[in-house]
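1. Please find the sequence and the predicted model below.
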Amino acid sequence: MTASSADGQDPQPRLRDLEAMLDALADHAVIKLGPAGEVARWSRGAQALTGYTEAEILGRPVSVLQTAEDRDAGLMAQELETVRQHGRREFDGWRVTKSGERFLSHITLTPVVGDDGSVTGFVKVLRDVTESARTESLFHALLESAPDAMVIVGPDARIVLVNRQAEALFGFERDELVGQEIEVLVPTRFRRDHFGHRTGFLAAPQVRPMGAGLELWGLRRDGTEFPVEISLSPLETAEGRLVAAAIRDVTERRETEQRLQRQRDEILELSTPVIQVWDKILVLPIIGTLDTLRATRLTEGLLDSIARSQAEVAILDISGVPTIDTQVAQHLLKTVQAAALMGTVSIMSGVRPETAQSMVHLGIDMGRLRSRGTLQDALQLALTVLAERSGTAQTAARTLTSGEPR
């Protein structure tokens, strides 16, 4: 005879529906336990996961699924007592199938409470998470072995995960970083701009370096700042879209680049020295090939020297220049024009016959630039120019003094 429910309805159909629903959870083992942990009901998912049939397992303690070590330690009794005292509990643990194969299970243990408030049994749900745990473990291992600091950020721009390199680089413990907005690692003066950068990336994520063409800076826990290079990569996960940031300290590289730039500047200055050989006469010996950068430095150096020495004549000696092409000639012409604007006459020396022929062949017009074959000849011409300018100046002075032209 079937007992009736309190409302007069037969409970059996409802029980069958409930069992059907439980059996539909093929990847979950749903187990009803008695008050001492003995198996009272066994779902099809439990059979598929463990290999035990319902006939083999009913009435036996559920600890049969535990490892020998956990059984010896009385772990089942501890779990049941904890749930009896504190309610539902979720945890991970190793379990063993009928064939002896171990698997990592995510376990949910819930007490069944009677009308009088006493615990009359338990419902235990097992789910095999071995593969996902293995994948997660591999991911964490790769993250920890990465040579750069890795920071994983969620869609809300809060830090989800960091590796030990990030701890070492920024000086934070990972527990201090997880849950914080990523801007905690950005200097205060850059945070407003950074907010725009990361919003734009989250709107259209793709693998790329962050802030191409910009100087990026990181902020350590002690408040010190340092230059960084950042590469961003989107990660699609079950929790949503995450962003992986690989961060590298480029302080040493930046210092090396600056040192090399200083050395290049010094070499350029040494390769184009401006020499004052006589009062108001400068000589600029040009050696090697001229490019745009060197020609710019050459012009700047000459003009600075003219301003300091009040030179009236500048000799550009090109005897050390291997070839003259249109680009080199244009550089020289611009230098001469700039000097003329400062009232300085330019003379070119060291023009070899093949150089002269090449310039004529190329149709290069050096304008009214005076030239001489040797530096000695150019110096003599420079002295003549000074004498002419001196005579002109004296005549002008007498004219102003007497008020009459002479």
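-> On my side now, so go ahead.

2. Return the residues in contact with residue 350.
-> When contacts are counted by C-beta atoms under 8 Å, 6 or more residues apart in numbering, residue 350 touches 317-321, 373-375. Heads up, the C-betas are built off the backbone N, CA and C, glycines and all.

3. what about the nearest residue to residue 280 once chain neighbours are set aside, how many residues close to it?
-> Counting by C-beta to C-beta, 6 or more residues apart in numbering, residue 280 lies nearest to residue 312, which is 4.5 Å off, once chain neighbours are set aside. Burial measure for residue 312: 19 neighbouring residues, criterion other C-beta atoms under 10 Å.

4. Could you pull out the helices in the stretch 201-350 of the chain for me?
-> Using DSSP state H, counting those that start in this stretch, the helices assigned to the stretch 201-350 of the chain run over residues 251-271, 292-309, 326-341.

5. now residue 141: how far from residue 37?
-> Using C-beta to C-beta, to the nearest Å, we find residue 141 at a distance of 36 Å from residue 37.

6. neighbour count winner among those two?
-> When residue 141 is set against residue 37 and neighbours are counted by other C-beta under 10 Å, the residue ahead is residue 37, at 17 against 10.

7. doesn't residue 75 make contact with that one?
-> No. Assessed by C-beta atoms under 8 Å, residue 37 is found out of contact with residue 75, at 10.8 Å.

8. where's the residue nearest to residue 280 relative to residue 336, distance?
-> As defined by C-beta to C-beta, residue 312 lies at a distance of 14 Å from residue 336.

9. and what of residue 244?
-> 57 Å.

10. Tell me which of these two has more neighbours.
-> Remark: of residue 244 and residue 336, residue 336 carries more neighbours, 23 against 18, as counted by other C-beta under 10 Å.

11. Mind pulling up the pLDDT for that one?
-> According to the prediction, residue 336 has pLDDT 86.

12. From what I see, residue 91 and residue 107 are in contact.
-> Yes. Counting by C-beta under 8 Å, residue 91 touches residue 107, with 5.6 Å between them.

13. Which one's more surrounded, these two?
-> Legend: neighbour count by other C-beta under 10 Å for residue 91 and residue 107, higher for residue 107 (17 against 11).

14. between residue 37 and residue 75, what contacts are shared?
-> residue 63.

15. any weak-confidence spans in this protein?
-> In the predicted model, the chain carries pLDDT under 70 at residues 1-26, 202-214, 238-239, 263-272, 290, 362, 364-368, 392-406.

16. Give me the residue at the spatial middle of it.
-> Relative to the mean C-alpha position of the chain, the nearest C-alpha, by C-alpha atoms, centre = their mean, is the one of residue 230, at 0.5 Å.

17. which residues does that residue bridge with?
-> The partner list for residue 230 in beta bridges (DSSP bridges) reads residue 247.

18. Tell me the spacing between it and residue 355.
-> Residue 230 is 51 Å from residue 355, where distance means C-beta to C-beta.

19. in stretch 162-177, what counts as buried?
-> Using 16 or more other C-beta atoms under 10 Å as the burial criterion, the residues of stretch 162-177 that qualify are 162-163, 165-167, 169-170, 172, 177.

20. Domain boundaries for this protein, per the record?
-> The chain breaks down into these domains under automatic domain parsing: 12-128, 134-253, 261-400.

21. Tabulate the CA atom coordinates of stretch 284-302 in CSV.
-> Presented in CSV, the C-alpha positions along stretch 284-302 are these (Å, rounded to 0.1, in the frame of the first residue of the first chain):
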residue,chain,number,x,y,z
LEU,A,284,85.1,72.6,-40.2
PRO,A,285,86.9,69.4,-41.4
ILE,A,286,84.3,67.0,-42.7
ILE,A,287,85.3,63.3,-42.7
GLY,A,288,83.2,60.4,-43.9
THR,A,289,79.7,60.1,-45.3
LEU,A,290,77.1,62.7,-44.5
ASP,A,291,73.6,61.6,-43.6
THR,A,292,70.7,63.7,-42.4
LEU,A,293,71.4,63.3,-38.7
ARG,A,294,75.1,64.1,-39.0
ALA,A,295,74.5,67.0,-41.4
THR,A,296,72.0,68.5,-38.9
ARG,A,297,74.5,68.2,-36.0
LEU,A,298,77.2,69.6,-38.3
THR,A,299,75.1,72.7,-39.0
GLU,A,300,74.1,73.2,-35.4
GLY,A,301,77.7,72.9,-34.3
LEU,A,302,79.0,75.4,-36.8
